[in-house]
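[1] Provided below are the primary sequence and the corresponding predicted coordinates.
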Amino acid sequence: MLESSKMEHPLIQSLFDDFEPSPQTVTELNLEIKSALEQRFSSVWVEAEISNFSAASSGHWYFSLTDGESFVKAVCFKGTNWRIRFKPFDGLQVRVRGNITSWERRSEYQLAVESLQPVGEGALTVAFEQIKDKLTKEGLFDEALKRPIPLYPRRIGVVTSPTGAAIHDILNVLERRARSVHIVIIPAQVQGETAGEQIARAIANANRFSEAADAEQKIDVLIVGRGGGSAEDLWAFNEERVARAIRASNIPVISAIGHEIDFTIADMAADLRAPTPSAAAEIVARAEAEIIEHLTRSTADLFNSISYRLLSARNELQELALSPSFQLFPARVKGLRAYVDSLLETAEDSVESRLVYVKDRIERLSSALTPMHLASRIARNDRRLALVEQRIRSKASELTEDRERAMAPAVARLDALSPLAVLTRGYSITQNLSGEIVRNVHQTDVGERIKVRLANGRLSAEVKELVED
């Protein structure tokens, strides 16, 4: 048995092997080590301090992680570090997630960083200021970009954890103050490594939902937030992608993160900051609560005013009932009735006398309009018209003769001066086609058409020759 156990030892057994094993190259050995390391340490979390940080021109980050006693080399490649929204520096305490790998040429292992988060209030403050300064320079927080919050929102979207305290606070406030408001919950993780990405995606999903929805289903305002927590718990709301998602939203955004003293990058990017989730719900429900309060107050004022007016009218009625005017009123009415009767009697007498006068006048006109009377008047008028017509014709004849005798000398003078009279003596008037009188040969050319005016008509001619005297 002893001999058998000794023979099973690999070193002893190798002495009795009939063949010699083939050796590996250094590269093959390093590749096996690299594969074993990557399989064994595919995902590790390390909390340490950064030292020897270097940002290469290629875009990669190289640094070391130390706990004060030991070091491990780390690399964060360009394809990964663009998602890290702050720039590390020496002395910064960080929490790193990645995998162990090695470079087979030198047999050196290192931590390939996939996620890097600052640890501690001081480190978080530095990272916060870095992101804030970058986005401020881009103008992402400008007041000109802020959109007004709708006065009467009917549908509210809430981006938060569906199991957190924030959603319960918001629902309680809206249930109490604005029951007509509808709520759309867009769930997202609000704490942890992937929280920032989920919040940004939830904001984008809310906008896509609203754009595709009917008018009644569209989201009027978006609340983004969570309950209180430490600076590390709230860090997702300081990520650059969350701020950019808020500003890219077509829906106005109210930030409601933590307690009143907490302030995040998301608060600066939002259109309005609420100190707490409950305060955000009160902001969107304020208009409806104010309207209900105003209506309640106005209703009470109206009822008070009506009661006062009714009481005043009742008092006035009682005073009038006891007034002596009601005792004098019947006598006054009797006197007015007698006065009206006298007026009616006078009016009847006046109308009757007027009717008698009109009847007499009609009878006189009727006698004047008999056929014999009318024929006599027509004959007299015919004779008078004939006499007037004869006088008018005689007078017109005399006036015409007088005017002709007065105009004869003037007509003679006009005939003497008229160019037509000259034409009767053998002269003519020459004009070009535009109507201009031709007075010398230079006003026309050979081949030009001209018009000649004679005493008894006109001629059309063409110039054949120009001869100047």
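    Sure thing, it's come through.

[2] then stretch 266-284 to PDB, C-alphas only?
    Once non-C-alpha atoms are left out, stretch 266-284 reads as follows in PDB (Å, rounded to 0.1, in the frame of the first residue of the first chain):
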ATOM      1  CA  ALA A 266     -31.600  67.800 -11.800                       C
ATOM      2  CA  ASP A 267     -33.000  70.700  -9.700                       C
ATOM      3  CA  MET A 268     -31.000  73.200 -11.700                       C
ATOM      4  CA  ALA A 269     -32.100  71.600 -15.000                       C
ATOM      5  CA  ALA A 270     -35.800  71.300 -14.200                       C
ATOM      6  CA  ASP A 271     -38.300  74.000 -15.100                       C
ATOM      7  CA  LEU A 272     -39.300  74.300 -11.400                       C
ATOM      8  CA  ARG A 273     -37.800  72.900  -8.200                       C
ATOM      9  CA  ALA A 274     -40.000  71.600  -5.400                       C
ATOM     10  CA  PRO A 275     -38.300  71.100  -2.000                       C
ATOM     11  CA  THR A 276     -40.100  67.700  -1.400                       C
ATOM     12  CA  PRO A 277     -42.300  65.300  -3.400                       C
ATOM     13  CA  SER A 278     -45.300  66.400  -1.300                       C
ATOM     14  CA  ALA A 279     -44.500  70.100  -2.200                       C
ATOM     15  CA  ALA A 280     -44.400  69.100  -5.900                       C
ATOM     16  CA  ALA A 281     -47.900  67.600  -5.600                       C
ATOM     17  CA  GLU A 282     -49.100  70.700  -3.900                       C
ATOM     18  CA  ILE A 283     -47.800  72.900  -6.700                       C
ATOM     19  CA  VAL A 284     -49.700  71.000  -9.400                       C
END
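
[3] got the buried residues for that stretch?
    For stretch 266-284, the neighbour count (16 or more other C-beta atoms under 10 Å) marks 266-284 as buried. For every residue, glycine as well, the C-beta is placed using N, CA and C.

[4] ok, now stretch 76-88?
    For stretch 76-88, by 16+ other C-beta under 10 Å, it's 76, 80-81, 84-86, 88.

[5] state the pair within those residues that is farthest apart.
    Spanning the widest gap among these are Thr80 and Phe86, at 14.0 Å by C-beta to C-beta.

[6] all helices of the protein, in order?
    With helices called from DSSP state H, the chain shows them at 2-7, 10-16, 26-40, 78-81, 121-137, 165-177, 195-212, 240-248, 265-269, 277-321, 325-368, 371-417, 419-423.

[7] name the residues that touch the shortest one?
    Translated: helix 78-81. 58-61, 113-114, 116 (C-beta atoms under 8 Å, 6 or more residues apart in numbering).

[8] what does stretch 29-41 give?
    Contacts of stretch 29-41 (C-beta under 8 Å, 6+ apart): 24, 99-102, 104-105, 107, 109.

[9] can you give me how far it is from the chain middle?
    61 Å (C-alpha atoms, centre = their mean, to the nearest Å).

[10] which one of the helices of the chain has the most crowded surroundings?
    helix 265-269 (a mean of 24; mean count of other C-beta atoms under 10 Å).

[11] packing partners of it?
    helix 121-137, helix 240-248, strand 253-257 (3 or more C-beta pairs under 8 Å, 6 or more residues apart in numbering; DSSP states H and E).

[12] that one - what's its average pLDDT?
    Averaging pLDDT along helix 265-269 yields 91.

[13] now do stretch 235-255
    Rounded mean pLDDT across stretch 235-255 is 91.

[14] repeat for stretch 27-44
    80.

[15] who are the neighbours in contact with the residue nearest to Arg273 when sequence neighbours are not counted?
    Excluding its sequence neighbours, the residue lying closest to Arg273 (C-beta to C-beta, 6 or more residues apart in numbering) is Asp267, at 4.3 Å. Asp267 sits next to 237, 255, 257, 273 when contact means C-beta under 8 Å, 6+ apart.

[16] just Val158 next, same as before
    167, 170, 183-186, 222-223.

[17] same question, Ser107
    Here Ser107 is in contact with 26, 30, 33 (C-beta under 8 Å, 6+ apart).

[18] quick check: chain neighbours aside, which residue is closest to Glu197?
    Arg241 (6.8 Å).

[19] so that neighbour touches Gly196, yeah?
    Yes: in this structure, Arg241 is within contact of Gly196 by C-beta atoms under 8 Å, at 5.8 Å.

[20] neighbours around the residue nearest to His259 when sequence neighbours are not counted, how many?
    Nearest residue to His259, sequence neighbours excluded (C-beta to C-beta, 6+ apart): Gly228, at 4.5 Å. Residues lying near Gly228 (other C-beta atoms under 10 Å) number 16.

[21] which residues are in contact with Gly228?
    Neighbouring residues of Gly228 by C-beta under 8 Å, 6+ apart: 258-259, 262.

[22] ok, of the residues you listed, which come out buried?
    258, 262.

[23] which member of the contacts of Gly228 is positioned nearest Val441?
    Among the contacts of Gly228, and counting by C-beta to C-beta, the member closest to Val441 is Asp262, at 111.0 Å.

[24] how close does the closest one sit to Glu232?
    Using C-beta to C-beta, to the nearest Å, Asp262 is found at 12 Å from Glu232.
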